[in-house]
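**Student:** sequence-free structure coming up:
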Ligand SMILES: *[C@@H]1O[C@H](CO)[C@@H](O)[C@H](O)[C@H]1NC(C)=O
Ligand SMILES: *[C@@H]1O[C@H](CO)[C@@H](O)[C@H](O)[C@H]1NC(C)=O
């Protein structure tokens, strides 16, 4: 069913992408309680991360695990609407996202967090409406997602903007929860409203963008200065051949222009939609760059080579290349299309993680296409060890001759993956773009060692957030057996992986990331970006039917 990019997609055209998002954010205007809840959450997450890291490197880690586990025993009290917590970016007017979202943590009358769905959890509900009865708003607000751990996730998508603002009521039965009703003082813009914040610092602050993204810092080290003229000369012959998958962009005055270099550039639809979405939200510095929309990273020159490496932007990085990575087209598209074209997105998954840990089937699980030989080996292992592993290939393209021997497994809906306790994540053509989605479930992820990485892997720690397995899978069965014997530890690793993914894979963090990459790049440009011959203007999507009255300062610079 999904998101590994493979080049079969180039033959057939492509389809059910699965996508998602996550949330969280700092509140400024909202009540203090909410704010402290959020900050505590962030701090706690960081501490937990440190604790987990420490746990791996220091000897007495067992007792740390146990302490962490004991701190979370479930509340047995009834839900207290007043003590329950509500927080998240969807409660801040100035933070425009395709789908806004916020969280609710059920807290008992005894003041303790629920760590499982509370009795009567279905009595929580949310009502979102314009402050002014005179304003009509098109808001799609599906039911709360129960994350099965005492917390809930609310999503809503606005199809038009409101000038005066929104009221968000969070209720338990008829009683307001926490500081409800929340007032989002307008204007509140919808995703397709072109209304960029002119001041990047204000924008980054309102998004609580991290001060540093370690992957971005590392990616730019080889490129202290970027010679646009040289790139203009070198990139087309090196990467723009017939087989090329390179797209050349220039952004000037927050307008996007581009030309395709090579034949395999259909995936520019994903880079286009990302850049346009960002340009609707914030003024992007003038910048000229190249995005490789193919699967593999391309810059294999080394720092000291002559001629030297070029700063090409790609979705996927690898240990033997110097490409600058962005969040993949897969998570990006999923983020943009949540509650629209996609169903398995980074937010929906959070409310569809299957049975609770104790009720999951104790087997390793895998479904996917035949994009790498180890996947076939995994199916063979599974045939010989069905009690440990349930693995199947759902489509053959690269190794058609193996289909007879190994058979084709029926597709399994992604949410059903989480009926299994151990998710085996194997690379596809490059990094397995399913990995972020697997982390968000509450199963343990067993990840194949890989030279490939996505933008967030740097923040993950093996044995803290997932269990690693050798590239050739020779230790996989042993790892699964060992996991079965160490159930409580595995539950803790699964939980830690889920928490870190909830933190890192939030939509607003992706926007921070795109912006930071373009900004870092723009700062290093040795000359002014240019709209080159053959580039075309990429228009914003038509949104004439929606109300969008941008109150922010219009760009003052001359149109080109
Ligand atoms: C309760 O949950 C909130 C939200 O997840 C968290 O910030 C807070 O630290 C938790 N409290 C305790 C005592 O675990
Ligand atoms: C496991 O499943 C059984 C049967 O559906 C259910 O009664 C039980 O509450 C579940 N256990 C947990 C921990 O969810």
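**Tutor:** Arrived safely, thanks for sending. These numbers come from a predicted model, not from an experiment. Ligands and ions are numbered 1, 2, ... in the order given.
**Student:** my read: residue 391 touches residue 424, true?
**Tutor:** Yes: counting by Cβ atoms under 8 Å, residue 424 is a contact partner of residue 391 at 6.8 Å. From N, CA and C alone the C-beta is placed, and that goes for glycine too.
**Student:** Which secondary structure element is home to residue 232?
**Tutor:** helix 228-239 (DSSP states H and E).
**Student:** measure the nearest residue to residue 527 once chain neighbours are set aside to ligand 2 for me?
**Tutor:** Nearest residue to residue 527, sequence neighbours excluded (Cβ to Cβ, 6 or more residues apart in numbering): residue 228, at 5.2 Å. Counting by Cβ to the nearest ligand atom, to the nearest Å, the separation of residue 228 from ligand 2 is 58 Å.
**Student:** who touches residue 228 in this structure?
**Tutor:** Taking Cβ atoms under 8 Å, 6 or more residues apart in numbering, we find residue 228 in contact with 288, 525, 526, 527, 528, 529, 530.
**Student:** and the first one, how many neighbours does it have?
**Tutor:** By other Cβ atoms under 10 Å, 24 other residues sit near residue 288.
**Student:** for it, what are its contacts?
**Tutor:** Residue 288 sits in contact with 228, 231, 248, 249, 250, 251, 525, 529, 530, where contact means Cβ under 8 Å, 6+ apart.
**Student:** could I get the residues you listed as JSON lines with secondary structure and pLDDT?
**Tutor:** Shown next, in JSON lines, are these (DSSP: H, G, I helix; E, B strand; the rest coil; pLDDT from 0 to 100):
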{"residue": "228", "secondary structure": "helix", "pLDDT": "98"}
{"residue": "231", "secondary structure": "helix", "pLDDT": "97"}
{"residue": "248", "secondary structure": "strand", "pLDDT": "98"}
{"residue": "249", "secondary structure": "strand", "pLDDT": "98"}
{"residue": "250", "secondary structure": "strand", "pLDDT": "98"}
{"residue": "251", "secondary structure": "strand", "pLDDT": "98"}
{"residue": "525", "secondary structure": "strand", "pLDDT": "98"}
{"residue": "529", "secondary structure": "coil", "pLDDT": "98"}
{"residue": "530", "secondary structure": "coil", "pLDDT": "98"}
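**Student:** Which of the residues you listed sits closest to residue 78?
**Tutor:** Closest to residue 78 out of the contacts of residue 288 is residue 251 (54.0 Å), distances taken as Cβ to Cβ.
**Student:** The closest one contacts residue 518, doesn't it?
**Tutor:** Yes: checked against Cβ under 8 Å, the pair residue 251 and residue 518 is within contact range at 7.5 Å.
**Student:** Can you pull the residues that touch both of these two?
**Tutor:** 284, 285, 287.
**Student:** which one of those residues sits closest to ligand 2?
**Tutor:** residue 284 (47.2 Å; Cβ to the nearest ligand atom).
**Student:** tell me the secondary structure for the closest one?
**Tutor:** Under DSSP: H, G, I helix; E, B strand; the rest coil, residue 284 falls in the coil class.
**Student:** Next, count neighbours for it.
**Tutor:** Other residues close to residue 284 by other Cβ under 10 Å number 22.
**Student:** What are the phi and psi values at it?
**Tutor:** phi -90, psi 140 (degrees, to the nearest 10).
**Student:** what residues are up against the residue lying closest to it once chain neighbours are set aside?
**Tutor:** Distance criterion Cβ to Cβ, 6+ apart; nearest residue to residue 284, sequence neighbours excluded, is residue 251 at 5.1 Å. By Cβ under 8 Å, 6+ apart, residue 251 lies in contact with 257, 275, 279, 284, 285, 286, 287, 288, 518, 529.
**Student:** Relative to ligand 1, which of these is nearest.
**Tutor:** Using Cβ to the nearest ligand atom, residue 518 is the member of the contacts of residue 251 that lies nearest ligand 1, at 32.5 Å.
**Student:** tell me the SS of the closest one?
**Tutor:** helix.
**Student:** List the contacts of it.
**Tutor:** 251, 278, 284, 285, 287, 289.
**Student:** 6 Å instead, please
**Tutor:** Going by Cβ atoms under 6 Å, 6 or more residues apart in numbering, residue 518 touches 284, 287.
**Student:** And the residue nearest the centre of the chain, how close does it get to residue 269?
**Tutor:** Closest residue to the average C-alpha location of the chain: residue 505 at 3.5 Å, with Cα atoms, centre = their mean. Residue 505 sits 22 Å away from residue 269, taking Cβ to Cβ, to the nearest Å as the criterion.
**Student:** Over to residue 437?
**Tutor:** 21 Å.
**Student:** Beta-bridge partners for the residue nearest to residue 284, please?
**Tutor:** Note on residue 251: beta-bridge partners by DSSP bridges are residue 256, residue 287.
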